[in-house]
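> Build me a model:
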Amino acid sequence: MATTAAAKKPSTASARKSPARAPARAKREKDACDLLDADHKAVKALFKEYESLTESRSRSTARKRQLADQICKELTVHATIEEEIFYPAVRKAIKDNGLMNEATVEHASAKDLIAQIKGMDTGDDLFDAKVTVLGEYIDHHVKEERAEMFTKARASKLDLVGMAGQLKQRKDELMAQEEHKAATPAAKLSVAA
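As a prediction, the model looks like this:
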């Protein structure tokens, strides 16, 4: 009996050591959902940094402004690429108008808060609260996108890998425009006058 157990032991051990025998799981290419989710994660990190700054004693107003502006820029660009490219294609493919309409309304609410934040001074009483509520809106929105919209989009026949390239290209264009706007505040003032 001892020889039988010993004989079985090496074959079990060698089976565990040799993953080549097990069917390899095909690695999926990055798709549109992955690109959008990377944006979600990056903005979440900015919100966390903002939150920790509001809880610290230093309360650097300059850094708060930088973070709030970065959050607003990232979300504005993200919403634009979703609305221009992702949402229309997904709406057509999954035929779930309720889900897509809700996402559109959530974007409108976020854009409203973004406009308010951009028009405020960091010393305003409600500044921190508005950034916090924006973060809560975005958390809710992201959970729904991940759980419902991305799942349905991936189950559809959409070319999400090809769409990722379109989203990336448009995002790069929009970010360059935002950087240009930020770099030329004097031009912004003369247009407003």
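> For residue 146, what are phi and psi?
phi -60, psi -50 (degrees, to the nearest 10).
> Give me the most central residue, this protein.
residue 40 (1.8 Å; Cα atoms, centre = their mean).
> tell me which helix or strand of the chain sits lowest on mean pLDDT?
Across the helices and strands of the chain, mean confidence by mean pLDDT, DSSP states H and E is lowest for helix 2-17: a mean of 46.
> picking up where we left off before, can you list the buried residues in the helix or strand containing the residue nearest to the centre of the chain?
Element membership for residue 40 (DSSP states H and E) is helix 32-55. Using 16 or more other Cβ atoms under 10 Å as the test for burial, helix 32-55 gives 32, 33, 35, 36, 37, 39, 40, 43, 46, 47, 50, 53. (Each C-beta comes from the backbone N, C-alpha and C, glycine too.)
> Just send these back as CSV, with pLDDT and distance to residue 61 too.
Formatted as CSV, the buried residues of helix 32-55 follow (pLDDT from 0 to 100; distance: Cβ to Cβ, whole Å):
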residue, pLDDT, distance to residue 61
32, 97, 37
33, 97, 37
35, 97, 33
36, 97, 31
37, 97, 32
39, 97, 26
40, 97, 27
43, 97, 21
46, 97, 17
47, 97, 18
50, 93, 12
53, 88, 10
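> For these, work out which two are farthest apart.
Using Cβ to Cβ, the buried residues of helix 32-55 span at most 32.1 Å, a distance reached by 32 and 53.
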